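>>> give me a 3D structure for the following:
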Amino acid sequence: MAKKKPFYMQPWFIGIVVIAVIGIGIVVMYNGLVGLDQTVTEKWAQVETQYQRRYDLIPSLVNTVREYEQFEASLLTELTTLRSRWATSTSVTERIDTAEQWDSAIARLLLVYENYPDLKTITAISNLMDELAGTENRIAVGRMRYNDAVRGYNTAIKVFPTNMLANAFGFTEKIYFEAAEGAETAPEVFA
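Residues are numbered from 1 along each chain as shown. Predicted coordinates:
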């Protein structure tokens, strides 16, 4: 009589183990993708928080600076318009587009501020400009962290075998926050 194999050597048991390992692998990959997706969302929320800070600073700055007529009125109007556009935008893409335009206007504002020595002597404006400069730095750091999270997520959904699972569950590529076209050239301000 042939000796019976132990249950862990039976083909049905080996099949169950293989299926369990594959199942656990799928769960781990799925949970990893969800975690990466949530990281991107969280990093974008941090970027939006800094833009909200900028959004809140702009009215104070505009109102304070309006008192000094030598300052460029068109730039203040543009900042106010962009602030309104930010408030009404609903998608990440719209917000990124508005933010890029805002970045350009803020850069011009900072240059104008540098070209008007009288503005630097006004404490309220100087304090607001310092707050704005600090906010700009926070935004830059937030964008960098967001883009890092997007890179990690996009890489994960494109590598094998995770890409098959990502496609099956509808994970799609996230967009990077890129500099606006022409951002490498400093804006000109005429004093």
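
>>> list the buried residues in stretch 23-33.
The neighbour-count check on stretch 23-33 (16 or more other C-beta atoms under 10 Å) flags Ile26, Met29, Tyr30, Leu33 as buried. In this view, the C-beta of every residue, glycine as well, is placed from N, C-alpha and C.

>>> got JSON lines for the residues you listed, with pLDDT and secondary structure too?
Shown next, in JSON lines, are the buried residues of stretch 23-33 (pLDDT from 0 to 100; DSSP: H, G, I helix; E, B strand; the rest coil):
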{"residue": "Ile26", "pLDDT": "93", "secondary structure": "helix"}
{"residue": "Met29", "pLDDT": "95", "secondary structure": "helix"}
{"residue": "Tyr30", "pLDDT": "95", "secondary structure": "helix"}
{"residue": "Leu33", "pLDDT": "95", "secondary structure": "helix"}
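
>>> which two of the residues you listed have the greatest separation?
The span of these, defined through C-beta to C-beta, is set by Ile26 and Leu33 at 10.7 Å.

>>> what do these two both touch?
Residues touching both Ile26 and Leu33 (C-beta atoms under 8 Å, 6 or more residues apart in numbering) are Leu165.

>>> so Ser89 touches Thr98, yeah?
Yes. Applying C-beta atoms under 8 Å as the test, Ser89 and Thr98 come out as touching, 5.5 Å apart.

>>> which one's more surrounded, those two?
Between Ser89 and Thr98, counted using other C-beta atoms under 10 Å, the more crowded position is Thr98 (20 against 15).
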